[in-house]
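Participant: Provided below are the primary sequence and the corresponding predicted coordinates.
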Amino acid sequence: MSTATAQKKGFGATLWDYLTTVDHKKIAILYLVAGGIFFLAGGLEAMLIRIQLAVPDNDFVSAGLYNQLITMHGTTMIFLAAMPLIFALMNIAVPLQIGARDVAFPFLNSLGFWLFFFGGVLLNVSWFTGGAPDAGWTAYAPLSTTSPGHGVDYYVMGLQISGAGTLIGGINFLVTIVNMRAPGMTYMRMPLFTWTAFVTSVLILFAFPALTVGLFLMMFDRMFGANFFDPQMGGNHVIWEHLFWIFGHPEVYILVLPIFGLFSDIISTFSKKRLFGYSAMVFAVVLIGFLGFMVWAHHMFTTGLGPVANSIFAIATMAIAVPTGIKIFNWIFTMWGGSIRMTTPMLWTVAFIPSFTLGGFGGVMLAAAAADYQYHDTYFVVAHFHYVIVGGVVFGVFAGLHYWWPKFFGTMLSEKLGKLAFWPFFVGFHLTFFIQHFLGLMGMPRRYWKFLPNQDLDLGNLVSTIGAFLMAIGAVIFLINVIVTSVKGEKVSGDPWDGRTLEWSIPSPPPFYNFTQTPLVRGLDPLWIEKRQGNGKMTPAEPLGDIHMPNNSFIPFVMSLGLFIAGFGFIYQVDDKNWLIVGIAGMLITLGSMFVRSVKDDLGYHIHKEDLEKGAGSE
Amino acid sequence: MSSDQLQRLKPGQSPHEPEKATLEGKNKFLGFWFFLGGETVLFASLFGTYLALNGPESNTSGPGPAELFGLELVFIMTVILLTSSLTSVYAIYHMKNLDFGKMQLWLGITVALGLTFLGLEIYEFYEYIMHEEHTFTSDAFGSAFYALVGFHGGHVLFGLLWIVTLMVRNSKRGLNLYNAPKYYIASLYWHFIDVVWVFIFTVVYLMGKLGG
Amino acid sequence: MAKNTNSTSYEFYKQKNKEEMKYQLITFALMIIFTLVAFGMVIAEYNPMFTIPVIILLACVQVGFQLYYFMHMSHKGHGLPALFLYSGIFVALLTVLAMVTIVWW
């Protein structure tokens, strides 16, 4: 397993390898591929929405299909595209940045991926079985509890399964960062990306259980006759709104914080400067994470919570602008006086700062509870959250992929094509969403299937659609870049960007055991310190010795498959109780695999010192 | 390192905290505590839902909390679960002394108490459903009650299956560095179930009886 | 963690564990007493405005016992578990607070 067998492998063997892998770098690739495919699906849905809204009174898609499109666009992009792409980046970079050979729970890492994957597939199966969910990505009751058909049932089961995967992934990263750091890698020497991955994992840990409960209640209401959200039976649909947003608001920080971290690393690398105000940056991240739990009701200002509650949540929301402002200024100060290289990752980063800041302005405007009564449920809100999610997360994912592509695949994405993809996407993004602020202020409500002519909305919507096409062109150029790069297959060195952190001290792609010898960390930006004060290489913290590695396992796949099957059983037992057998069978598969996992010893194996000396295992 | 982990630990030797003697053990220990932090939010969401839906406006049919709950049964259940928490402390006490036989014995007692608790809970639910017209679907109060207490019951069941699996799997080979962390976190889980129950009997049953 | 294979250290820890077990038993006795008091107060039908805060307080103390004694959170090496548990409790309190105050209006 350790040596030359890894060389020429057939397709079947490679597939089996990926189905059973517990290697965080391969899991990162799985997250990247699956998240990428879902991103394309969500993008396609977005294009259909924009085509429908290109001209007034359009009949390109029917009203029902339009509802499904907006619901699935939002759900897919948040849960099935942004989350896994961020997990891809966290998986590839975090263990390398802290000098670890592996994550704390390789098995759970793999389980997290497969749960997410099967949840996402389950959600998208709904397109082919009589209609996707159509109650908006927020699935507010009673719209969602009374929505006919099985669309919302798929939403509930799909998100429940993939949410469990995310929670598991979060715990894995927490323990990895706490327990697996190399000698000398103290908390205050961790790269900012690792710090933000840590805080994001904390948010996952405390936010996802609220969604789990919310989805359970929704499932009980829709499929098992419970009355949580039915006012006639004494229920209260505001409970759903609270549970959803207690999860949902931290969720947006879960998405954006790692991106803040990777931008910090990128700015520092390409300005050839130590990050300005490192400790303030760490403090700001932790503060954002903390405040992120006390603001959820700003999504519900018009629900009627009363002026006291609204004021409290408005003030807490505005307070978040302070740590975010600290970060914006620190990024600018890092660049100030640095020797800046405008590479593709840096280009996305520089574009991010003003774009995200605009999103933040919109956010502070929305945080004013009294004014929110005007903005609520209009395109102003749509513009705001696309500015933070596209201008933040999507820009960040593009930057991160260009930056860490060598660590994923050992090749470099073309700089020329990278910049060529950037410009249409950047221009298209602002064209699409800037004007939506004004459409919103003019009163155009979100989620409406069509608008009427001659209400001053025609031009703005057309411009927005043109922008969306430009974004699509940018995304396609990026895909071409990926294909061209993989076909060429030009291998690069371990440190193509002249990096500062530990991931650049090892080959690209790294061997599966990452570090032959665990490095000794002497300070912040450890590799840079060695480049300036040492011989440019990390000093090993241990003599060459045997390396302990975990075994591959097929159990995570089977465990997730069981829940996937059970999902269908629970959805269709509403029509026919016989389907409960399928539900129980699926649960038994899952519990059975947990049982097997529990009773079978899994001790892993060793790569021997002699094999390491021969330079083995470098796939 | 790895196959040493399967060596049997005997009284009079080796590390005093076998559950944290290996890196895997330390990871499990920390990861499980973090998980319990998340579980806190999970149960808080259920408690919150219950507290929002236990008023007269949610009790559209059947009896309300004050008429429904009988304190004798709940008191017995509480004492049983508290005792099972103590017996699992004894089990871990013997684990730290590397006395496998006694650990298994005390875990066995824990399981027996847990099963009794679960049996009483099922009896309680049966009474409510059959004789009191208080069901999961009767009104929002019913839904919220069964969701909260049932979730706890589900945790008890899972904990029992987990502990029994561990006991049976390791009955022949005894305690080692590989399974010690597993026993330890299973006992943490069991205590956490007890923590949740302390709030359930206070918030659901006692406060329900007071009509508050 | 160094492997102390000599038996004197084993005896030392065994003694230590035994002393700790005494505290566990005291803890258990207190928990049973608290439970009795809580049930007793409800059965005695004191004013709920008085009883409710007291029984919630008793529950919190019991949970503290469970965490610090039964779950060994008082031992060293439990800094992070405590931090995460209290963070969870913080989010939990916010959630419950919202549910009892601003769901019905």
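Facilitator: Yep, it's here.

Participant: In the stretch 51-200 of chain A, which residue sits closest to chain C?
Facilitator: A:V178 (6.3 Å; Cβ to the nearest Cβ). Every residue, glycine included, has its C-beta placed from N, CA and C.

Participant: contacting residues for that residue?
Facilitator: Going by Cβ atoms under 8 Å, 6 or more residues apart in numbering or on different chains, A:V178 touches B:30, C:80.

Participant: Show me where chain C has its helices.
Facilitator: For chain C, the helices defined by DSSP state H occupy C:7-43, C:48-65, C:79-101.

Participant: A:F425 is in contact with A:F469, isn't it?
Facilitator: No: using Cβ atoms under 8 Å, A:F425 is not in contact with A:F469; the gap is 11.1 Å.

Participant: Which helix or which strand is home to A:V350?
Facilitator: Per DSSP states H and E: A:V350 is located in helix A:344-367.

Participant: counting contacts, what elements does that helix pack onto?
Facilitator: The helices and strands touching helix A:344-367, judged by 3 or more Cβ pairs under 8 Å, 6 or more residues apart in numbering or on different chains; DSSP states H and E, are helix A:238-271, helix A:307-319, helix A:321-335, helix A:369-375, helix A:379-388, helix A:395-409, helix A:415-441.

Participant: where in chain A is pLDDT low?
Facilitator: Counting by pLDDT under 70, chain A contains low-confidence ranges at A:1-8, A:615-619.

Participant: and it, which residues reach chain C?
Facilitator: For chain A, the residues in contact with chain C (Cβ under 8 Å from any Cβ of the partner chain) are A:178, A:202, A:205-207, A:210, A:236, A:238-239, A:242, A:246, A:293-294, A:297, A:304-306, A:309.

Participant: picking up where we left off before, next secondary structure after the helix or strand where the residue of the stretch 51-200 of chain A closest to chain C lies?
Facilitator: Using DSSP H and E, A:V178 maps to helix A:151-179. Once helix A:151-179 ends, the next helix or strand along the chain (criterion: DSSP H and E) is helix A:192-223.

Participant: Just checking the distance from that following helix to the centre of its chain.
Facilitator: For helix A:192-223, the separation from the chain centroid amounts to 13 Å (computed by Cα atoms, centre = their mean, to the nearest Å).

Participant: about what we covered before: now for the helices of chain C, which one comes closest to A:T465?
Facilitator: Nearest to A:T465 among the helices of chain C is helix C:79-101 (39.6 Å), distances taken as Cβ to Cβ.

Participant: elements contacting the closest one?
Facilitator: helix A:192-223, helix A:238-271, helix B:23-52.

Participant: hang on, the earlier thing: for the helices and strands packed on helix A:344-367, could you give me a markdown table that also reports mean neighbour count and distance to chain B?
Facilitator: Output for the helices and strands packed on helix A:344-367, formatted as a markdown table (neighbours: other Cβ atoms under 10 Å in any protein chain shown; distance: least, Cβ to the nearest Cβ, whole Å):
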| stretch | mean neighbour count | distance to chain B |
| --- | --- | --- |
| helix A:238-271 | 26 | 6 |
| helix A:307-319 | 17 | 15 |
| helix A:321-335 | 18 | 23 |
| helix A:369-375 | 16 | 22 |
| helix A:379-388 | 23 | 24 |
| helix A:395-409 | 25 | 24 |
| helix A:415-441 | 20 | 32 |
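
Participant: Tabulate these (TSV), appending distance to C:C60.
Facilitator: What follows is the helices and strands packed on helix A:344-367, written out as TSV (distance: least, Cβ to Cβ, whole Å):
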stretch	distance to C:C60
helix A:238-271	22
helix A:307-319	25
helix A:321-335	32
helix A:369-375	34
helix A:379-388	39
helix A:395-409	42
helix A:415-441	47
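
Participant: Tell me which of these sits nearest to A:F451.
Facilitator: Per Cβ to Cβ, nearest to A:F451 of those: helix A:415-441, 8.9 Å.

Participant: Who are the packing partners of that closest one?
Facilitator: Helix A:415-441 packs on helix A:344-367, helix A:369-375, helix A:379-388, helix A:395-409, helix A:458-488, going by 3+ Cβ pairs under 8 Å, 6+ apart.

Participant: want to try CSV for the helices of chain C, with mean neighbour count and mean pLDDT as columns?
Facilitator: As requested, the helices of chain C are arranged in CSV below (neighbours: other Cβ atoms under 10 Å in any protein chain shown; pLDDT from 0 to 100):
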stretch, mean neighbour count, mean pLDDT
helix C:7-43, 15, 88
helix C:48-65, 16, 93
helix C:79-101, 19, 94
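
Participant: could those go into TSV alongside distance to A:P526?
Facilitator: Below are those laid out as TSV (distance: least, Cβ to Cβ, whole Å):
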stretch	distance to A:P526
helix C:7-43	38
helix C:48-65	42
helix C:79-101	24
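
Participant: Quick one: closest of those to A:D575.
Facilitator: helix C:79-101 (33.3 Å).

Participant: how much does the closest one deviate in direction from helix C:48-65?
Facilitator: 160 degrees (axes from the mean of the first three to the mean of the last three Cα atoms, to 10 degrees).

Participant: Pull the distance from helix C:79-101 to the chain's centre.
Facilitator: 15 Å.

Participant: again, but for stretch B:194-209
Facilitator: Worked out by Cα atoms, centre = their mean, stretch B:194-209 lies 14 Å from the chain centre.

Participant: That one and chain A, any residue contact?
Facilitator: No: judged by Cβ under 8 Å from any Cβ, stretch B:194-209 stays clear of chain A, getting no closer than 13.0 Å.

Participant: is chain C contacted by that stretch?
Facilitator: Yes: Stretch B:194-209 reaches chain C (Cβ under 8 Å from any Cβ) through B:194-195, B:198-199, B:201-203, B:206-207, B:209.

Participant: which residues touch the residue in the stretch 451-600 of chain A positioned nearest to chain B?
Facilitator: Ranked by Cβ to the nearest Cβ, the top residue of the stretch 451-600 of chain A for proximity to chain B is A:V599, at 4.7 Å. Each residue near A:V599 by Cβ under 8 Å, 6+ apart is listed here: B:165, B:169.

Participant: Repeat that for A:G165.
Facilitator: A:111-117, A:119, A:560.

Participant: does A:H606 sit in a helix or strand, and which one?
Facilitator: Per DSSP H and E: strand A:605-607 holds A:H606.

Participant: Show me the strands paired with that strand, marking each as parallel or antiparallel.
Facilitator: Counting by DSSP bridges, the strands paired with strand A:605-607 are strand A:547-549 (antiparallel).

Participant: Pull out the buried residues from the strand it pairs with.
Facilitator: Buried residues in strand A:547-549, counted by 16 or more other Cβ atoms under 10 Å in any protein chain shown: A:547-549.

Participant: With just CA atoms, put stretch A:403-411 into PDB.
Facilitator: Extracted as PDB, the C-alpha positions of stretch A:403-411 are listed here (Å, rounded to 0.1, in the frame of the first residue of the first chain):
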ATOM      1  CA  TYR A 403      -3.600  29.600  -4.900                       C
ATOM      2  CA  TRP A 404      -3.700  26.000  -3.700                       C
ATOM      3  CA  TRP A 405      -4.100  24.200  -7.000                       C
ATOM      4  CA  PRO A 406      -0.500  23.000  -6.800                       C
ATOM      5  CA  LYS A 407      -1.300  21.300  -3.500                       C
ATOM      6  CA  PHE A 408      -4.400  19.700  -4.900                       C
ATOM      7  CA  PHE A 409      -3.000  18.400  -8.200                       C
ATOM      8  CA  GLY A 410       0.700  19.400  -8.500                       C
ATOM      9  CA  THR A 411       0.000  21.700 -11.400                       C
END
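
Participant: Alright, that wraps it up for me.
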